[in-house]
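Novice: A predicted structure for the sequence below; I have some questions about it.
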Amino acid sequence: MLRAWASRATLRDPAAVRPWLNRAVVNLAIDRSRRRRDELTIESVEERWHDDDYTVDPDRVLARAEERDALEDALARLPAIYRVPVVLHDAGDWTAREIADATQAGLPAVKQRLRRGRMMLVSALDEESPKRLASLAQPMHCWRARRHISAYLDGELRPDVAAAVEQHLAGCPTCPPLYASLVGVRATLGGLRDPDTVIPEEMAARVAASVQAQTSGGGSA
C-alpha cells in the first residue's frame, strides 16, 4: 500500500484503481520471489509431457495437493512467471484478463503460462522426490514449526513431519518456551472441567429410559 501511495501520480484513471493496484501487488510479489536450486524448468517438464509414455499417479498427486506443506513446496518449485498465473487464477479466482492486466502480458501468453504452470505443478506433486525428503530433513523455520504445533499436540501429524517438529524443538532457543506454554494452557483448560457436572450413570439411565418411553408412547416419567 505504501508503494502504491508513493506512485499514485501514475494513476491517470481513478476508475482503473483495482487493476492498477493488482499490477503493483503482483510486480512486488515477483520482485521478491527467489529462485530455488531445485526449481523446475519448463523445458524439462514439457519434454516429459511430450512423451506418450509419461504419466503420473493421480492418487499421489491429489494426496499431496491436500497437504499444505507439500502443495506449498511444489508451488515454490515453479518459476514465478508460471506460479503467479496458477495461484491467481486457481486459488485467487482471477480471470485470465485480470492476470494479463496485472502482469502487463498478452492474454495468449497468460493462458500459455497457466497451462504450463498447471503441468509443472502436477509433475512436482507426483515426483518421488528425494529433494522433498531432503527438505524435510533440513531444519524447520520457526513459523513452519509453530504452525504445526497444534496438530502435533493432538497427534495428527504424519510421522516425518512430527519428527521434523521435534528436531526443531530440540535445537531452537525460542520455540520450546512457546510449546511449553501451549501445553500448559491446554492442560489448565482441561482442568476447568468440573467433575460434579458429569451426569451420574444411574441418572443417565433413567433419562434414557424416560426418553424411550416417550418415543414409544409409554407415557411420561
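Specialist: On my side now, so go ahead. Model, not experiment: these values are computed from the prediction.

Novice: you'd agree residue 45 is up against residue 123?
Specialist: Yes: between residue 45 and residue 123 there is a contact under C-beta atoms under 8 Å: 5.2 Å. Where you see a C-beta, it was placed from the backbone N, CA and C, and this is true even at glycine.

Novice: any low-confidence regions in this protein?
Specialist: When residues are selected by pLDDT under 70, those of the chain lie in 1, 3-8, 11, 14-38, 128-139, 191-200, 203-204, 214-221.

Novice: Show me what the longest helix seen in it is packed against.
Specialist: Secondary structure of the chain per DSSP state H: the longest helix is helix 107-126. Helix 107-126 sits against helix 42-50, helix 58-65, helix 68-76, helix 80-86, helix 96-103, with contacts defined as 3 or more C-beta pairs under 8 Å, 6 or more residues apart in numbering; DSSP states H and E.

Novice: Including mean neighbour count, could those helices go into TSV?
Specialist: Converted to TSV, these look like this (neighbours: other C-beta atoms under 10 Å):
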stretch	mean neighbour count
helix 42-50	13
helix 58-65	13
helix 68-76	17
helix 80-86	22
helix 96-103	19
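
Novice: out of those helices, nearest to residue 212?
Specialist: Nearest of the helices and strands packed on helix 107-126 to residue 212, taken as C-beta to C-beta: helix 58-65 at 44.3 Å.

Novice: ok so, going back, the helices and strands packed on helix 107-126: which one's closest to residue 115?
Specialist: Residue 115 sits nearest to helix 80-86 of all the helices and strands packed on helix 107-126, at 9.1 Å, using C-beta to C-beta.

Novice: returning to what we had before: can I get the helices and strands packed on helix 107-126 in a markdown table with distance to residue 141?
Specialist: A markdown table is the format used below for those (distance: least, C-beta to C-beta, whole Å):
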| stretch | distance to residue 141 |
| --- | --- |
| helix 42-50 | 28 |
| helix 58-65 | 20 |
| helix 68-76 | 12 |
| helix 80-86 | 20 |
| helix 96-103 | 29 |
